[in-house]
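1. sharing a model prediction with you, sequence too.
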Amino acid sequence: MITHLEHEIENIKRKVFTMTDAAIEAINDSIDALMTLDDKLAAKVIQGDTRIDKLEIQIDDDCVRTLVTQQPAASDLRLILSFLKINTDLERIADIAANIAKEAIRLEGRPRVTTTGDIPAMAATCVNMIKTAFEAMTTRDVSMAAEIISVDREVDELNIQLYRELFAMMGDNPQIMPQALGLIMVAKSLERIGDHAKNIAERVIYYIEGVDIRKENKDHSDNK
Amino acid sequence: MKKIESKALNVYYGDTRAVKDISLQVEKNTVLALIGPSGCGKSTFLRCINRMNDIIPGTRIEGELLIDGEPVYQNKYDVTTLRRKVGMVFQKSNPFPKTIFENIAYGLRINGIKDKYEIEKKVESSLKATALWDEVKDRLHQSAIGFSGGQQQRLCIARTIAIQPEIILMDEPASALDPISTQKIEELIHELKNDYTIIIVTHNMQQAARVSDYTAFFYMGDLVELNKTEKIFTKPDLEMTEKYITGKFG
């Protein structure tokens, strides 16, 4: 028999997964809009953000109601606390995707700037990090979640590379400054999405093992 | 849809006014929890709904109590009909010293059901509804007295629902039970809500939060606040409710 609490958790989980799909779609569409300078697609991403904001409020309400009325304990409690935090990360990811879409609209009509640093590949890495974090949650695989934390360092590195490359390009050709600054902003945005994906992975580890990996990492660095 | 309505209801035990001007409404197919410290009038109010207070000498009722819009304290209202419509489960489980089958069949027979096949079907469906069937189907003709406390309480609920009431009153139905049995009773309340309107008195605020849609806070005979349960336990309207549910008084 499914208990009332299990029913509530399933309901929240379904909404979190819906929100995840929507956030991933927003990232993919915003990058497509940027690369093809498709202002209609960019507008779709910006409009879609409202739906994600509403989902965030619903999930927050559901989590609070479940905490108050069902008083979950142990793994159930950790899962709901994780959902509350993951919910905020997903909402921020969608906000960032909307900002990328706005950049796509702003750059429309300007000559394209080609970089060796690959923005779509960086975005694909971020999307993969988010998908992997949720797969780790579903399969309760801590090592899978932990790998995401190291992937985040690769995303950080890609951002730095792109920044250096675009900065140098601006020095050589000041005319491309608007586009180059736009791409720097996009790369930085993707780096922030990577950080949020890492946060999600940390919450997945907390859910599975009851360990706050941020605290462990901090203790480790304090001892160095 | 309004199932129960209380209008300025007062209950006196002799000179003592135990329930003061209670006006509230209970929607059909919802669970209302009554909370409050001992002596606040919540059980007295509950017992007004099936006129259980009538049997206490010196009790006087003022005001109105309506079920489906009908005033149950009117002289012409048949109390037997009322108690068929409004079942009750008590704190201490009280199975009859009979077999499991007879515990349920008894109420059916005194309500005029003679057909053996129909009785068997109703016994089975009641035990299934209370998740007891799988535990007892092979010993239906053994005494119910050997049951655990949790099983006895679920049997009493099965006995109550066998005669298909519309309202179930529960007076601290799980306060004498272990946590697992309590959880089973609470899950049962969630299930029963689909078919019945339930009012539960509980001392356990967490239980009120878990099982009910609405919560009413009683204090010294007054209804202090009635609100959605989620609201009562997150942001009650009144400071007094807040103090009670956060354990600062009472």
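-> Thanks, I have the structure now. These numbers were taken from a predicted model, which means no experiment stands behind them.

2. ok, the closest residue to residue A:188 other than its chain neighbours - contacts?
-> Distances taken as CB to CB, 6 or more residues apart in numbering or on different chains place residue A:159 nearest to residue A:188, at 6.2 Å, with adjacent residues excluded. Using the backbone N, CA and C atoms, a C-beta is placed for each residue, glycine as well. Counting by CB atoms under 8 Å, 6 or more residues apart in numbering or on different chains, residue A:159 touches A:122, A:187, A:188, A:190, A:191.

3. select only the buried ones of those residues in PyMOL?
-> Here is the PyMOL selection string for the buried members of the contacts of residue A:159, based on 16 or more other CB atoms under 10 Å in any protein chain shown:
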select buried, chain A and resi 122+187+190+191
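
4. interface residues of chain B facing chain A?
-> Applying CB under 8 Å from any CB of the partner chain, we find that chain B lies next to chain A at B:131, B:183, B:186, B:187, B:190, B:206, B:209, B:210, B:229, B:230, B:233, B:234.

5. among those residues, which lie within helices?
-> B:183, B:186, B:187, B:190, B:206, B:209, B:210, B:229, B:230, B:233, B:234 (DSSP state H).

6. could you dump the residues you listed to JSON lines with neighbour count and pLDDT?
-> Below are these laid out as JSON lines (neighbours: other CB atoms under 10 Å in any protein chain shown; pLDDT from 0 to 100):
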{"residue": "B:183", "neighbour count": "17", "pLDDT": "90"}
{"residue": "B:186", "neighbour count": "19", "pLDDT": "94"}
{"residue": "B:187", "neighbour count": "18", "pLDDT": "92"}
{"residue": "B:190", "neighbour count": "15", "pLDDT": "93"}
{"residue": "B:206", "neighbour count": "14", "pLDDT": "93"}
{"residue": "B:209", "neighbour count": "24", "pLDDT": "96"}
{"residue": "B:210", "neighbour count": "23", "pLDDT": "95"}
{"residue": "B:229", "neighbour count": "23", "pLDDT": "96"}
{"residue": "B:230", "neighbour count": "19", "pLDDT": "94"}
{"residue": "B:233", "neighbour count": "24", "pLDDT": "95"}
{"residue": "B:234", "neighbour count": "16", "pLDDT": "94"}
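
7. low-confidence ranges, chain A, go.
-> A:1, A:116, A:218-224 (pLDDT under 70).

8. let me redo that: chain B
-> Checking chain B against pLDDT under 70 turns up B:250.

9. chain B contacts on chain A?
-> Counting by CB under 8 Å from any CB, chain A sits next to chain B at A:1, A:3, A:4, A:64, A:65, A:68, A:69, A:70, A:71.

10. residues near residue B:196, how many?
-> As a burial measure, residue B:196 scores 22 neighbours (other CB atoms under 10 Å in any protein chain shown).

11. now do the SS call for the spatially closest residue to it that is not a sequence neighbour.
-> Excluding the flanking residues, the one nearest residue B:196 by CB to CB, 6+ apart is residue B:168, at 5.0 Å. Following DSSP: H, G, I helix; E, B strand; the rest coil, residue B:168 is assigned to strand.

12. right, and residue B:168 touches residue B:192 too?
-> Yes: contact criterion CB atoms under 8 Å: residue B:168 and residue B:192 qualify, at 6.6 Å.

13. what is in contact with those two at once?
-> B:157, B:161, B:198.

14. nearest spatial neighbour of the last one, chain-adjacent residues omitted?
-> If you skip the residues right next to it in sequence, residue B:198 has residue B:31 as its closest partner in space, 4.5 Å away by CB to CB, 6+ apart.

15. mind listing what the one helix or strand residue B:199 maps to pairs with, with the direction of each?
-> Under the criterion of DSSP states H and E, residue B:199 resides in strand B:197-201. Note on strand B:197-201: by DSSP bridges, its sheet partners are strand B:31-35 (parallel), strand B:167-171 (parallel).

16. which of the ones you listed sits closest to residue B:249?
-> strand B:31-35 (13.3 Å; CB to CB).

17. show me which residues of the helix or strand immediately after the closest one in the chain are buried.
-> Heading C-terminal from strand B:31-35, the first helix or strand you meet, by DSSP H and E, is helix B:42-49. Burial within helix B:42-49, assessed by neighbour count using 16+ other CB under 10 Å, is assigned to B:42, B:43, B:44, B:45, B:46, B:47, B:48, B:49.

18. counting by contacts, list what helix B:42-49 packs against.
-> Judged by 3 or more CB pairs under 8 Å, 6 or more residues apart in numbering or on different chains; DSSP states H and E, helix B:42-49 is in contact with strand B:2-13, strand B:16-27, strand B:31-35, strand B:59-67, strand B:167-171, strand B:197-201, strand B:214-219.

19. and stretch B:222-240, end to end?
-> From its first residue to its last, stretch B:222-240 covers 12 Å (CA to CA, to the nearest Å).

20. need the residues that contact that stretch.
-> A:64-65, A:68-69, B:20-24, B:32-33, B:36, B:41, B:205, B:208-209, B:212-219, B:241-242, B:245.

21. how close does residue B:99 get to chain A?
-> 26 Å (CB to the nearest CB, to the nearest Å).

22. burial of residue A:166, as a residue count?
-> For residue A:166, using other CB under 10 Å, the count is 22.

23. can you pull the buried residues of the host helix or strand of residue A:203?
-> Here residue A:203 sits within helix A:177-209, counting by DSSP H and E. For helix A:177-209, burial by neighbour count (16+ other CB under 10 Å) applies to A:179-180, A:182-184, A:186-187, A:189-208.

24. possible to save the helices and strands packed on helix B:42-49 as a markdown table with distance to residue A:109 and mean neighbour count?
-> Formatted as a markdown table, the helices and strands packed on helix B:42-49 follow (distance: least, CB to CB, whole Å; neighbours: other CB atoms under 10 Å in any protein chain shown):
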| stretch | distance to residue A:109 | mean neighbour count |
| --- | --- | --- |
| strand B:2-13 | 64 | 17 |
| strand B:16-27 | 59 | 17 |
| strand B:31-35 | 61 | 26 |
| strand B:59-67 | 72 | 17 |
| strand B:167-171 | 70 | 23 |
| strand B:197-201 | 65 | 26 |
| strand B:214-219 | 59 | 25 |
